[in-house]
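In: My questions concern the predicted model and sequence given below.
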There are 2 protein chains.
Amino acid sequence: MELLHTDTLEEAREKLWKETREMDMKTRKVKAQETPGRISASDVVSDENIPPFDRSVVDGYAVRARETYGAGEASPVFFRVTGQVRIEEAAGTLSGCQEAVRLQTGSMIPDGADAVVMSEYTEEYAPGRIACIRAVSEGENIIRAGEDVRRGECIIRRGQKIGVGEAGMLAGLGIREIQVYLRPSVAILSTGDELAGGDEPLTAGRIRDINTSALSAAALEYGMEICLSRRVRDEEREIRQAVEEAAEKSDIVLISGGSSKGDKDFTKRVLEEITGNVFTHGIAVRPGKPTILAYDRERRAVIAGLPGHPMAAVIMFRLLIRDWYRRKTGSPEPLKIPAVMKENVSSNQGRATCLPVRLVPGADGYEAVPVYAKSGSISALAKADAFIMIPRNREGLRKGEKVKAELL
Amino acid sequence: MELLHTDTLEEAREKLWKETREMDMKTRKVKAQETPGRISASDVVSDENIPPFDRSVVDGYAVRARETYGAGEASPVFFRVTGQVRIEEAAGTLSGCQEAVRLQTGSMIPDGADAVVMSEYTEEYAPGRIACIRAVSEGENIIRAGEDVRRGECIIRRGQKIGVGEAGMLAGLGIREIQVYLRPSVAILSTGDELAGGDEPLTAGRIRDINTSALSAAALEYGMEICLSRRVRDEEREIRQAVEEAAEKSDIVLISGGSSKGDKDFTKRVLEEITGNVFTHGIAVRPGKPTILAYDRERRAVIAGLPGHPMAAVIMFRLLIRDWYRRKTGSPEPLKIPAVMKENVSSNQGRATCLPVRLVPGADGYEAVPVYAKSGSISALAKADAFIMIPRNREGLRKGEKVKAELL
């Protein structure tokens, strides 16, 4: 039995990054209203201000702040109301002394005015005459043009996901389309003679194909698109044809099963033949050691031979391919949740361990409860909220130790 | 000016819950492969085992554990190999003494065998004869039928979101369709004479409509569907027609703007006329006080009059309507991230405050940095990762204080 030369996770990631350097992620211009959930493929710069002009943030009267100085309940200051600015109108000008203009929340501030007195601090003691019982300082109750978003400001960076705030800014600036990354297309091939589909009876020795569904669900969650998914028998010719077709049609090919060194594990040989470019076979991560990475230069497809066990297949997809895609699109690293280990956990020194955990609210933040699972378990993935990477130079984690959990 | 009688957030939520008791969320049967991201509308019970039979988790030999006792490098124990179980086949039976059957990872365990010796602890010293140099205990290297998922076990609860693990379990059990909640349909009406669409020039006094886009993005993020969105002028008749049409077509109507008590704030009157059932007007939450809640019994639609300010509108949508939808579908409360305040923050006593924050990794978990924003700001929503609720009986939060942030 040929021994696997294993890379560390970091080595495998770095090789994948370098080998695929020439592969550009596809982008497309889409309408602003179709961007939520997409990843921006370029920096977006504002060419307007938000707000576009100085606006009042209250209902009240636009005044010159210095003309209110000394105003109080016992010493009101008097103003002549020379007009009103309705919310959708252009404002005029304050020209004479002790003039005020009535405003609504959102109204434009007239030229010459530099503050707004709230209605509740004024009283109309005669038509067109108000008493102001509270002084305001310059700028009070005004939001300045560009105070929210400044013309020329970069409002969305490449790699930034369009969420509620980003969608709101695009609308607020009248930006009607932006360049986003296309969802990468993923082909999923699940190999194994023992695998039965959901519509087949389970005869003795056979189990149902979990990986096609679990990897599809993961790909969708990671913002990818499934262009093809099928089961393939453990026949070298069948696997070769399936991989060639998949690489032709997709950006990412996931092959589950057949990645180790058993009699029937043809994946590596097939990938060598097809791509001539298998750069990783074996990664020092538990679970997921028998993972193969290749890049098909001709068809521009990343190909990953993943373990047959569902938990390991999903974890390696996450740690390698999703991370690669994140980096390719310039997206930020995912949020890691601080937690404290609830129990001791041992791990193999020399191999990093990806430990699924449940996050349980404790006295002092989250406690991470390990979800133990024999390899091949799928229920553990549903029970876990997150995972923790135990570095390869550690023998385990101590109860009470601080860790950072990444949400699953 | 009529004063608002304000409910607390909890009171408003409870009223909304009670008033809409008769409103059932629509459900539909969908194929298992279309469930990822959906919310299950019923408990799903397994009627198979995963794995369906006892399986080997290694390559090796099925044996009776007690026949290996005492085996060691210096004292091998000998077995006769009576067969091989290929991975897709039914296994036979161990009948005689000191018999072993060769297995692959995943093979079915033969009747009579109760453990598997890994290949590396055996040596084939003659055809059909092996020496075993390591004892195994009962059950070793075997995953039992039902050990991952047991027949009769509830694998997915009502309200549970279908993620990778759930999708994998459905596939593993051959469950081909389940009942899920339909995405509720949302109609968005943005009111205000000052609002311009993205395709209109910005004349003086006018600003662009942010709320339609921000609320749409939020609704999509919350798993809802937009069935209608439009700007409406501040004309009572126009608003009435728009709300009636929206309530007819959707489960949830969001009206932004016109919810306070200004001259042009018709929303409450219109909702009274249409539904006869406005149960909340004014909620003691900052920002978002001028919020109106109504239920249209005839058209079975929840109607929310939201503040005109984008930040406040999105926050009240989140705190009230998303929370209501979560509760209606029996979904768990969202994860709250423990953090420590980076600065002092003051808030109004008597009103709960929803404070947007950025979460920044600190020495000891996350630090929450307040994102200050004048009302009406949209950039703040893009800058913030999460929000913190400051209870209404507090005057603020101290630097260093522990808080729980909810992801935006």
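Out: All right, it came through fine.
In: ok, is stretch A:169-177 in contact with chain B or not?
Out: Yes. Stretch A:169-177 lies within reach of chain B by Cβ under 8 Å from any Cβ of the partner chain, at A:Met169, A:Leu170, A:Ala171, A:Gly172, A:Leu173, A:Gly174, A:Ile175, A:Arg176. Bear in mind the C-beta positions are built from the backbone N, C-alpha and C, glycine included.
In: is it true that A:Met23 touches A:Tyr295?
Out: Yes. In this structure, A:Met23 is within contact of A:Tyr295 by Cβ atoms under 8 Å, at 7.5 Å.
In: Quickly list what's touching both of those two.
Out: Shared contacts of A:Met23 and A:Tyr295, defined by Cβ atoms under 8 Å, 6 or more residues apart in numbering or on different chains, are found at A:Val302.
In: Tell me which of the two has more neighbours.
Out: With neighbours defined as other Cβ atoms under 10 Å in any protein chain shown, A:Met23 and A:Tyr295 compare such that A:Tyr295 has more, 24 against 16.
In: Name the nearest of the residues of stretch A:169-177 next to chain B relative to chain B.
Out: Distance to chain B, by Cβ to the nearest Cβ, is smallest for A:Ala171 among the residues of stretch A:169-177 next to chain B, at 3.5 Å.
In: Which residues are in contact with A:Ala301?
Out: A:Ala301 makes contacts with A:Ala246, A:Ala247, A:Glu248, A:Ser250, A:Asp251, A:Ile252, A:Val253, A:Tyr295, as judged by Cβ under 8 Å, 6+ apart.
In: B:Gly205: which of the residues you listed is nearest?
Out: Among those, A:Asp251 lies closest to B:Gly205 (Cβ to Cβ), at 48.3 Å.
In: what about that closest one, neighbour count?
Out: If you count neighbours by other Cβ under 10 Å, A:Asp251 ends up with 23.
In: got it, and A:Gly96?
Out: By the measure other Cβ under 10 Å, the count of residues near A:Gly96 is 8.
In: I'd like the distance between it and chain B.
Out: A:Gly96 sits at a distance of 23 Å from chain B (criterion: Cβ to the nearest Cβ, to the nearest Å).
In: ok now the helix or strand hosting A:Ala339, how far from the chain's centre?
Out: Per DSSP states H and E: A:Ala339 is located in strand A:336-341. Using Cα atoms, centre = their mean, to the nearest Å, the distance from the centre of strand A:336-341 to the centre of the chain it belongs to is 20 Å.
In: Which secondary structure elements does the next helix or strand after it sit against?
Out: The first helix or strand that comes after strand A:336-341 along the chain, using DSSP H and E, is strand A:345-346. Counting contacts by 3 or more Cβ pairs under 8 Å, 6 or more residues apart in numbering or on different chains; DSSP states H and E, strand A:345-346 is packed against strand A:396-397.
In: what does the strand it packs on rub up against?
Out: Residues outside strand A:396-397 that contact it (Cβ under 8 Å, 6+ apart): A:Met341, A:Asn344, A:Val345, A:Ser346, A:Ser347, A:Leu355, A:Ile388, A:Ile390, A:Val403.
In: Can you flag the buried ones in those?
Out: Buried residues within those, counting neighbours by 16 or more other Cβ atoms under 10 Å in any protein chain shown: A:Met341, A:Val345, A:Ser347, A:Leu355, A:Ile388, A:Ile390, A:Val403.
In: Might you report the residue contacts of the second one?
Out: The reference is to A:Val345. Applying Cβ under 8 Å, 6+ apart, we find A:Val345 in contact with A:Leu355, A:Pro370, A:Ile390, A:Gly396, A:Leu397.
In: Nearest residue to the residue most central in space within chain A in space, ignoring adjacent ones along the chain?
Out: Most central residue of chain A, judged by C-alpha distance to the mean C-alpha position with Cα atoms, centre = their mean, is A:Lys161 at 5.4 Å. For A:Lys161, ignoring the flanking residues on the chain, the nearest one in space by Cβ to Cβ, 6 or more residues apart in numbering or on different chains is A:Ile39 at 5.5 Å.
In: again, but for A:Asp209
Out: Leaving aside its chain neighbours, A:Asp209 sits nearest to A:Leu195 (4.1 Å; criterion: Cβ to Cβ, 6+ apart).
In: how far out from the middle of the chain is stretch A:199-207?
Out: For stretch A:199-207, the distance to the chain centre is 39 Å (Cα atoms, centre = their mean).
In: now do the same end-to-end measure for it.
Out: End-to-end distance for stretch A:199-207, by Cα to Cα, to the nearest Å: 12 Å.
In: And the contacts of that stretch?
Out: Under Cβ under 8 Å, 6+ apart, the answer for stretch A:199-207 is A:194-196, A:208, B:48, B:50-53, B:55, B:85-91, B:106-108, B:172, B:174, B:176.
In: at 7 Å what do you get?
Out: A:Glu194, A:Leu195, A:Ala196, A:Arg208, B:Pro51, B:Pro52, B:Ile87, B:Glu88, B:Glu89, B:Ala90, B:Met108 (Cβ atoms under 7 Å, 6 or more residues apart in numbering or on different chains).
In: Stretch A:229-240 near chain B at all?
Out: No. Between stretch A:229-240 and chain B, judged by Cβ under 7 Å from any Cβ of the partner chain, nothing touches; the nearest distance is 8.4 Å.
In: Stretch A:47-63 close to chain B?
Out: Yes. Against chain B, stretch A:47-63 shows contacts by Cβ under 7 Å from any Cβ at A:Ile50, A:Pro51, A:Pro52, A:Val57, A:Asp59.
In: can you tell me the distance between the two ends of that stretch?
Out: Stretch A:47-63: ends 30 Å apart by Cα to Cα.
In: again with stretch A:159-169
Out: For stretch A:159-169, the separation between the terminal residues is 16 Å (Cα to Cα).
In: now swap in stretch A:22-34 and tell me
Out: This stretch, stretch A:22-34, spans 28 Å end to end (Cα to Cα).
In: which residues touch it?
Out: Counting by Cβ under 7 Å, 6+ apart, A:38, A:41, A:170-171, A:175-182, A:184, A:300, A:328-329, B:198, B:213, B:216 sit against stretch A:22-34.
In: chain center to that stretch, what's the gap?
Out: Relative to the chain's own centre, stretch A:22-34 is displaced by 16 Å; criterion: Cα atoms, centre = their mean.
In: now stretch A:348-359, how far from the centre of its chain.
Out: Chain-centre distance of stretch A:348-359: 24 Å, with Cα atoms, centre = their mean.
In: Which positions within that stretch qualify as buried?
Out: Within stretch A:348-359, the residues scored as buried using 16+ other Cβ under 10 Å are A:Arg351, A:Ala352, A:Thr353, A:Cys354, A:Leu355, A:Pro356, A:Val357, A:Arg358, A:Leu359.
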